[in-house]
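[1] Quick one, what's the 3D model for this:
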Amino acid sequence: MSKRKSDEAYGELRSRIMMAVLPPNAVLDERRLTEDLGLGRTPLREAVLRLEQEGLVTSMGRRGYVVASATPADMIRAYELRRELECFTAGLAAERRNAGDLAKFDAFLARMAAEMDGHVDDLHWQLAADEEFHRIVADASDNRFAQQYLAFLFGLSVRSLYVARIPITLVQEEIDNYRSVLTAIRMRDAGAARAAMARHLTINPMQVMADSLSGTRPQVG
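    Sure thing, here's the model as predicted:
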């Protein structure tokens, strides 16, 4: 029960931080959060410790915790590493995927086709769907270190876009890219898988601030 409640608190807090509902440097008021989430202090503290390990929360010692700060340099560094690792992992997935992975791909694409038109305005669903896509690719790489680091980098890079007030692309706009990546992995074409993932992650981090001013919408990925 404690673990389930901790996961619930973790998921909700992570979502709020990534979507900048809890902005950089915001103090995590334990009393207010326990009341707001309807959870006890223990699961909340466990969730906060997990978020600290992911770089989304910073300890202030006896003063508690705050949402980690975010700078343009942080965004660029997180993105450039994530993009390289995502493409590398897609190539590994093409070499190592198994029947179970292919079943996950099919189930994911089928669910997206069935659900995406009904969730155009649901940013929580959009974000969860995109993260699931990247997770099943990472799982197919059979490299637990890639899985761990990509989960870490996904949170940081997506959060930076929300902080910069740049709208994410929707699943409806990215579904063809998803199919291209997963098809290349299915065909065991590592080069095509890497190239397709690179096309999905097309944002130029050096132009993020300029894009935010012009209204250009980058791919979150």
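
[2] Name the residues of the longest helix that the chain contains that come out as buried.
    Scanning the chain for the helix with the most residues, using DSSP state H, yields helix 72-96. Buried residues in helix 72-96, defined by neighbour count with 16 or more other C-beta atoms under 10 Å: 74-79, 81-83, 85-94. Where C-beta positions appear, they are placed from N, C-alpha and C, glycine not excepted.

[3] swap in stretch 125-142?
    For stretch 125-142, by 16+ other C-beta under 10 Å, it's 126-127, 129-131, 133-141.

[4] Out of those residues, which is nearest to Gly64?
    Leu127 (26.6 Å; C-beta to C-beta).

[5] Was I right to think the closest one contacts Ser15?
    Yes: under the criterion of C-beta atoms under 8 Å, Leu127 makes contact with Ser15 at 7.3 Å.

[6] close enough to count as contact, Arg82 and Phe152?
    No: the pair Arg82 / Phe152 is not scored as a contact, 9.0 Å apart, by C-beta under 8 Å.

[7] ok, now which ones touch the residue most central in space within the chain?
    In the chain, the C-alpha nearest the mean C-alpha coordinate belongs to Phe154, at 3.6 Å (C-alpha atoms, centre = their mean). By C-beta atoms under 8 Å, 6 or more residues apart in numbering, Phe154 lies in contact with Arg82, Glu131, His134.

[8] Need the residues you listed in JSON lines (columns: pLDDT and distance to Met19).
    Listed next are the contacts of Phe154 as JSON lines, based on pLDDT from 0 to 100; distance: C-beta to C-beta, whole Å:
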{"residue": "Arg82", "pLDDT": "90", "distance to Met19": "18"}
{"residue": "Glu131", "pLDDT": "91", "distance to Met19": "12"}
{"residue": "His134", "pLDDT": "96", "distance to Met19": "17"}
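
[9] could these be laid out in CSV, adding distance to Asp122?
    Shown next, in CSV, are the contacts of Phe154 (distance: C-beta to C-beta, whole Å):
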residue, distance to Asp122
Arg82, 24
Glu131, 14
His134, 19
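
[10] Glu30: which of these is nearest?
    Checking the contacts of Phe154 against Glu30 with C-beta to C-beta, the nearest one is Glu131 at 26.8 Å.

[11] And that closest one, how close does it get to Leu44?
    Per C-beta to C-beta, to the nearest Å, Glu131 is found 22 Å from Leu44.

[12] now do Arg62
    Taken as C-beta to C-beta, the span from Arg62 to Leu44 is 17 Å.

[13] who's more crowded, these two?
    Using other C-beta atoms under 10 Å as the criterion, Arg62 and Leu44 rank with Leu44 on top: 23 against 5.

[14] That one against Asp36, yeah?
    No: in this structure, Leu44 is not within contact of Asp36 by C-beta under 8 Å, at 10.1 Å.

[15] Now do stretch 163-180: distance from first to last residue.
    29 Å (C-alpha to C-alpha, to the nearest Å).

[16] Going forward, the N-terminal residue is numbered 898.
    Got it, the first residue is 898 from now on, which makes the last one we talked about stretch 1060-1077.

[17] pLDDT of it, averaged?
    Stretch 1060-1077 carries an average pLDDT of 83.

[18] what do you get for stretch 962-970?
    83.

[19] pull the CA atoms of it into CSV?
    C-alpha atoms of stretch 962-970 as CSV (Å, rounded to 0.1, in the frame of the first residue of the first chain):
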residue,chain,number,x,y,z
TYR,A,962,12.9,20.9,-0.9
VAL,A,963,12.4,23.1,-3.9
VAL,A,964,11.8,22.5,-7.5
ALA,A,965,15.2,22.5,-9.3
SER,A,966,16.1,25.6,-11.2
ALA,A,967,16.2,25.6,-15.0
THR,A,968,18.4,27.6,-17.2
PRO,A,969,18.8,27.8,-21.0
ALA,A,970,22.1,26.1,-20.6
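
[20] Good, wrapping up.
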